[in-house]
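Give the three-dimensional model of this entry:
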Amino acid sequence: METITVEAPAKVNLTLDVKYKRGDGYHELESVMHQIGLIDRVVIRPEPTGAIRVRSNNPALPDDQTNLAYQAAQLFLSEYKCGAGVDISIEKNIPLGAGLAGGSSDAAAVLWGMNLLFNYKRGPEELSATASRLGSDVPFCLSGKVSHPSPGGIIAGCGATALARGRGEVLELLPECRLPWILLVKPDFQVSTREVYQNLKLDEVTVRPDTRAFLAAWQDCDMMNIAKKLVNVLESISTKMYPQIAAIKAGMIRYGALNALMSGSGPTVFGIFAERTAAQRAREKFSHDYREVFLVSSYGGGEANAGTEIIAG
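Numbering: from 1, shown residues only. So this is what the prediction gives:
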């Protein structure tokens, strides 16, 4: 096998709670993460010179050691003493700096793809331990991958939802439940995750996720109650820094979303819709003011899955 293409889906945080600041300087998190059908595609080939090369269709994406996909390749080659280099081409569809784990998902795709390409046969647990050294979201982004490429060397996935704890790397996979219409709006700015956490005062947090109630709704695939239980404690900081985030949330609900939430530390806001017509109408309205607007569903099986639709604004 000379080339592998790995789908790298974005994620949204359906809940996000920050419990306390740990002794190692990180925050203890509890978050339900969900993969969605907004997908980067990462093409991986051996590089005979032994070098690591990263290319992308997005000129804003770095091609050096500041790129998490590059770091993933570097770590894999170092960890497993692979003699060859690797050429990585990224079709970038997930917005940069969006709170959707696009960089983490690309890095996970590189680890998974290189493992298959070079026939190293490392299991998910070992790869996940390697992934945790790259970033808190990377282990989750490994979830739902398949072990064998489909015809054409494409690695899709079954999609994944997990309750993440620790820094985000301690995962409890949840049952499958598909959300049919998810609208994402990414405003034209990025949010500093570091700055958000620096400004977070846990004793001032007044609304937290009811994780037990959310998990019960998820178990029943009860979309109405899933939507009602969306809570992200970081919104209290990000919306103060960027009131536009709150305005997008309000617009989502005004246009018919069951509920809306900021993903991660922002700035992307997603809304859950029960009906296609309302979701499409909202997409059209937001597309007048924002360049990066996407209507998707839960990820599962890539383009071969009829339940996944990507409509860009």
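
the strands in this structure, which residues?
Using DSSP state E, the strands found in the chain span residues 4-21, 27-47, 52-56, 85-91, 154-155, 161-166, 170-173, 181-186, 231-232, 259-262, 269-273, 292-296, 311-312.

Buried residues, the longest one. List them.
For strand 27-47, the buried set under the neighbour-count rule, 16 or more other CB atoms under 10 Å, comprises 27, 29-46. Yep, even glycine has a C-beta here, placed from its N, CA and C like the rest.

Against which helices or strands is that strand packed?
Packing partners of strand 27-47 (3 or more CB pairs under 8 Å, 6 or more residues apart in numbering; DSSP states H and E): strand 4-21, strand 85-91, helix 102-117, strand 161-166, strand 181-186, helix 211-219, strand 292-296.

List the neighbouring strands of the fifth one plus their orientation.
Looking at strand 181-186 with DSSP bridges, its paired strands and their directions are strand 269-273 (antiparallel), strand 292-296 (antiparallel).

got the angle for that strand vs strand 27-47?
Following axes from the mean of the first three to the mean of the last three CA atoms, to 10 degrees, one obtains 90 degrees for the angle between strand 181-186 and strand 27-47.

Check the offset of strand 181-186 from the chain's centre.
Offset of strand 181-186 from its chain centre (CA atoms, centre = their mean, to the nearest Å): 13 Å.

repeat for the second one
Mean C-alpha position of strand 85-91 versus that of the full chain (CA atoms, centre = their mean) differs by 20 Å.

Kindly provide the whole-number mean pLDDT of it.
Across strand 85-91, pLDDT averages out at 96.

Give me whichever of the strands of the chain is most buried.
Stretch with highest mean neighbour count among these: strand 269-273 (a mean of 28; mean count of other CB atoms under 10 Å).

In JSON lines, list the helices and strands packed on strand 27-47 along with distance to residue 263.
As requested, these are arranged in JSON lines below (distance: least, CB to CB, whole Å):
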{"stretch": "strand 4-21", "distance to residue 263": "4"}
{"stretch": "strand 85-91", "distance to residue 263": "21"}
{"stretch": "helix 102-117", "distance to residue 263": "11"}
{"stretch": "strand 161-166", "distance to residue 263": "13"}
{"stretch": "strand 181-186", "distance to residue 263": "8"}
{"stretch": "helix 211-219", "distance to residue 263": "15"}
{"stretch": "strand 292-296", "distance to residue 263": "12"}
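
Residue 243: which of these is closest?
Comparing these by their distance to residue 243 (CB to CB), the top pick is strand 181-186, with 14.5 Å.

hmm, who's touching the closest one?
Applying CB atoms under 8 Å, 6 or more residues apart in numbering, the external contacts of strand 181-186 come out as 12, 36, 38, 95, 98, 100, 248, 252, 257, 263, 267-276, 278-279, 282-283, 286, 290, 292-298.

Repeat the analysis, applying 6 Å as the threshold.
With contact meaning CB atoms under 6 Å, 6 or more residues apart in numbering, strand 181-186 is reached by 36, 95, 98, 248, 268-271, 273, 276, 279, 282-283, 286, 290, 292-296.

Send me it as PDB with only the CA atoms.
Below are the C-alpha coordinates for strand 181-186, written out as PDB (Å, rounded to 0.1, in the frame of the first residue of the first chain):
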ATOM      1  CA  TRP A 181     -29.100  18.600  11.500                       C
ATOM      2  CA  ILE A 182     -26.200  20.500  13.100                       C
ATOM      3  CA  LEU A 183     -25.500  24.100  12.000                       C
ATOM      4  CA  LEU A 184     -22.100  25.600  12.700                       C
ATOM      5  CA  VAL A 185     -21.200  29.300  12.500                       C
ATOM      6  CA  LYS A 186     -17.600  30.300  12.900                       C
END
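
so where is the stretch 151-300 of the chain shaky, pLDDT-wise?
For the stretch 151-300 of the chain, applying pLDDT under 70 flags the ranges 151-152.

and with 90 instead?
Within the stretch 151-300 of the chain, the ranges that satisfy pLDDT under 90 run 151-158, 203, 300.

Let me see the domain layout of this protein.
The record's domain split for the chain, according to automatic domain parsing, is 4-173, 181-312.

Single out the most deeply packed of the ones you listed.
Among the domains of the chain, domain 4-173 has the highest mean neighbour count (mean count of other CB under 10 Å), at a mean of 20.

could I get the strands of the chain as a markdown table with distance to residue 112?
Below are the strands of the chain laid out as a markdown table (distance: least, CB to CB, whole Å):
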| stretch | distance to residue 112 |
| --- | --- |
| strand 4-21 | 6 |
| strand 27-47 | 9 |
| strand 52-56 | 16 |
| strand 85-91 | 13 |
| strand 154-155 | 7 |
| strand 161-166 | 16 |
| strand 170-173 | 15 |
| strand 181-186 | 24 |
| strand 231-232 | 28 |
| strand 259-262 | 28 |
| strand 269-273 | 25 |
| strand 292-296 | 21 |
| strand 311-312 | 26 |
